[in-house]
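In: Sequence and predicted structure are below.
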Amino acid sequence: TQYSFKEVFGTLVVQKELFDVVAKPLVEDLIRGKNGLLFTYGVTGSGKTHTMTGSPGDGGLLPRCLDMIFNSIGPFQAKRFVFKLDDKNGVDVQSEVDALLERQRRDALPVPKTPSGKRHLDPEFADMIHVQDHCKVEEVDEDNVYSVFVSYIEIYNNYIYDLLEETPLEPIKPKWNSCNTPVRNGDLLPPQSKILREDQNHNMYVTGCTEVEVKSTEEAFEVFWRGQKRRRIANTQLNRESSRSHSVFIIKLAQAPLDADGDNVLQEKEQITLSQLSLVDLAGSERTNRTKAEGNRLREAGNINQSLMTLRTCIEVLRENQLYGTNKMVPYRDSKLTHLFKNYFDGEGKVRMIVCVNPKAEDYEESLQVMRFAEMTQEVEVARPVDRPLCGLTPGRRLRNQAFREELSRRLELRGGPVGAEPEEQEISLQNFPPLPSCELLDIHDDQTLPKLIEVLEQRHKMRQMLSEEFAKNVLAFKTMLQEFDSSVVSKEHYIQGKLSEKEKTIAGQRAELERLEKKIKTLEYKIEILEKTTTIYEEDKRNLQQELENKSQKLQRQASDKRRLEARLQGMVAETTLKWEKECERRVAAKQLEMQNKLWVKDEKLKQLKAIVTEPRAERPERPSRERDREKPAQRSLSPPPVPNTPPIRLRHRRSRSAGERWVDHKPPSNLPTETVLQPQVPHAITVAVASEKALAKCDKYMLTHQELASDGEIETKLIKGDVFKTRGGGQAVQFTDIETLKQESPTGRKRRSSPSNPDPAGDAADSEWTDVETRCSVAVEMRAGSALGPGYQHHAQPK
């Protein structure tokens, strides 16, 4: 089986090579203000603790990381208690005076002091930290001050314990072991477990954990070794010193910039950077049937395997979310180990994993599982944190301050020694005065005491005069030196002012150039904005014109089709009218011919009767009944048949079936008058409106308009104009009228229209008035335009069908 990793180290690899490849980049990131996580993973007995700690004469990753950190920041470390960690995973900065008071207060306490780097080292680990490589970070910000804090915890049976916590003795209860013998006085109470919390930046930390400020590699490793002795280990079948807990050694590096003078720390909490490097020695996964674990060892093995399984599950869910774009919840809280390092897996730092493999054949299956999981973790990508912001101060402040102090001390030495040495010299001079002899006079004849006293006083007076003269000379020299120093300071100030004026001119020119470029950028942005708005307007106009063009083309097509229909209808009407009038003319000609024939016959009869009267004798009287009958006959023949009624032919329309799902818009204008007819229009599923609206038309597919007009006989005629509703391309609603129903009320005694042959023209006019195309007059389309400025208004398009 083959597995691929970023780097593979053999059995003969030295600790330095492993450190250069794996841990050195993490230390460099730590000093640059970034977080890092390094943990060893493998089965029990595979060398995880050896890789992390090392062996005598060959230190592991942990001492080498500490050595590289202090080699890099050694000359730039702050004094103790300048940085002060709070209990919320933050850091505060104190002034030099507050730090001094804090140190004095800590020294006065009867607690064990922080181990000093000058004390004798424990020979048990002295060889581990004497690294001869002197590895250091090349690019360290010299204008910052640094402080290192270390803490050491373990995760045992899914509980977190502080390995550096000093637990007090319990004097009330005596300690007895299983043999009923008292325990030695050095035994302490069992430590209390700690809890995890989340700070304001959503980073996880251990509450109440002991964090020790260290100033050297030896001091830091001594703190580590003190906690290492308290770590839980046990003897199993596979490992004589098997780790029964996950240990986490946390190195925190606090750094803050110096002020503008390069002398003191900048007192701004926002400028403090706190980075963290966590070195994790995981407990090895094991199978209980091989370790023969029982009791506590069995429970420990179960918790170890459970926490490692949770770590594996979290990595697998992260990988699945990144590969398939899912958003599954990562079960960080199932284990304290994964919950503590949740931020690293979410992208708050670089993560490195060292897989330790034991080539023993008995570990074959466990090693395969470990390597399969480790290879899979390489596919998980975490986001990298952004670099910290710059403080904005001039670089090189520390070097300039050191150079100034050296030059000042040199000048003071040339002018008579430093100021701080004068009180010591004066004290030495006072001690060199001859001592005063005894001033006690024993008798009146004592002639030695007073002369000796006078002599000593004169010597002291001479010596005082000499000291006064020397003091005056020193004062004069000091004044001269001060004057020279003031003159040099003034000259330097002038020089600095000149340089500052030049820099200010340069900065002013650059600012003017920046302002010009900013104005130009604003002008270009304004032009771009105008062009974008113009482009938007043109595109909108283009869309509107295209829409209008489509509407016009559709309207033209409708008008052309309407024109063709109208032409066909007019041609039919002309043909029908022509045929009608031809028949009417033939009828009228035949009626005239019949009337003329009747008149000729009447005249012939009159002529015959006159002839008979003339030819017959006068005494005889002709009989008239036949004449009366004859007279009635022509009268009946002279009557012309009634003209054919001049009404247009009735065209039967196809009526659509009314299904149960159709809905109607019943449009009844408010000007309509109620009729008291028995027959009333009844429309099911209807929405009755007084004004046609888009909302009502959008909900229905049928439309009916109730129209009233005054008929020729003075009665109200009600017409129901029906149509279909359909959507238009513009997003509105249109109505196509299809049918008209008429409801008319007539009086039975009223006058009826008569057709008389003697007056054909009125009859023709009446026929034209009755044939008036009601459908043409009432063919009105109602269209609601979406987004119209008219709002709920409507437009009428009168189009003949």
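Out: Perfect, I can see it now.

In: What average pLDDT does the host helix or strand of His50 get?
Out: Using DSSP states H and E, His50 falls within helix 48-53. Confidence over helix 48-53 (mean pLDDT, whole number) is 89.

In: tell me what the helix or strand that it is followed by is packed against?
Out: Per DSSP H and E, the first helix or strand lying C-terminal to helix 48-53 is strand 54-55. Under the contact criterion of 3 or more C-beta pairs under 8 Å, 6 or more residues apart in numbering; DSSP states H and E, strand 54-55 touches helix 61-73. All C-beta spots, glycine's among them, are computed from the backbone N, C-alpha and C.

In: For the helix it packs on, which residues meet the burial criterion?
Out: By 16 or more other C-beta atoms under 10 Å, the buried positions in helix 61-73 come out as 61-73.

In: Need the residues that contact that helix.
Out: 15-16, 18-19, 22-24, 26-27, 30-31, 38, 51-54, 59, 128-129, 131, 133-137, 140, 146, 148, 215-217, 220-221, 224, 249, 251, 253, 277, 279 (C-beta atoms under 8 Å, 6 or more residues apart in numbering).

In: Now intersect those with the strands, please.
Out: Judged by DSSP state E, the contacts of helix 61-73 include 38, 54, 59, 146, 148, 249, 251, 253, 277, 279 as members of strands.

In: one step back: using CSV, lay out the buried residues of helix 61-73 together with pLDDT.
Out: Output for the buried residues of helix 61-73, formatted as CSV (pLDDT from 0 to 100):
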residue, pLDDT
Leu61, 92
Leu62, 92
Pro63, 91
Arg64, 92
Cys65, 93
Leu66, 92
Asp67, 91
Met68, 92
Ile69, 93
Phe70, 92
Asn71, 91
Ser72, 91
Ile73, 91
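
In: Dump the residues you listed into CSV; add distance to Lys695 as well.
Out: CSV is the format used below for those (distance: C-beta to C-beta, whole Å):
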residue, distance to Lys695
Leu61, 76
Leu62, 77
Pro63, 82
Arg64, 80
Cys65, 75
Leu66, 79
Asp67, 82
Met68, 78
Ile69, 76
Phe70, 81
Asn71, 82
Ser72, 77
Ile73, 76
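
In: Check the secondary structure at Pro684 for me.
Out: coil (DSSP: H, G, I helix; E, B strand; the rest coil).

In: confidence score at it?
Out: Pro684 is assigned a predicted lDDT (pLDDT) of 79.

In: re earlier: so how far is the helix holding His50 from its chain's centroid?
Out: 42 Å (C-alpha atoms, centre = their mean, to the nearest Å).

In: Packing partners of that helix?
Out: Packed next to helix 48-53, using 3+ C-beta pairs under 8 Å, 6+ apart, are strand 36-42, helix 61-73, strand 273-281, strand 350-356.

In: Just the angle for the longest one relative to strand 36-42, thanks.
Out: The reference is to helix 61-73. Counting by axes from the mean of the first three to the mean of the last three C-alpha atoms, to 10 degrees, helix 61-73 lies at 160 degrees to strand 36-42.

In: Return the distance of helix 61-73 from the chain's centre.
Out: For helix 61-73, the distance to the chain centre is 40 Å (C-alpha atoms, centre = their mean).

In: can you check stretch 733-745 too?
Out: Distance of stretch 733-745 from its chain centroid, counting by C-alpha atoms, centre = their mean, is 59 Å.

In: Now that stretch: buried residues?
Out: Buried residues in stretch 733-745 (16+ other C-beta under 10 Å): 733-735, 737-738, 740, 743.
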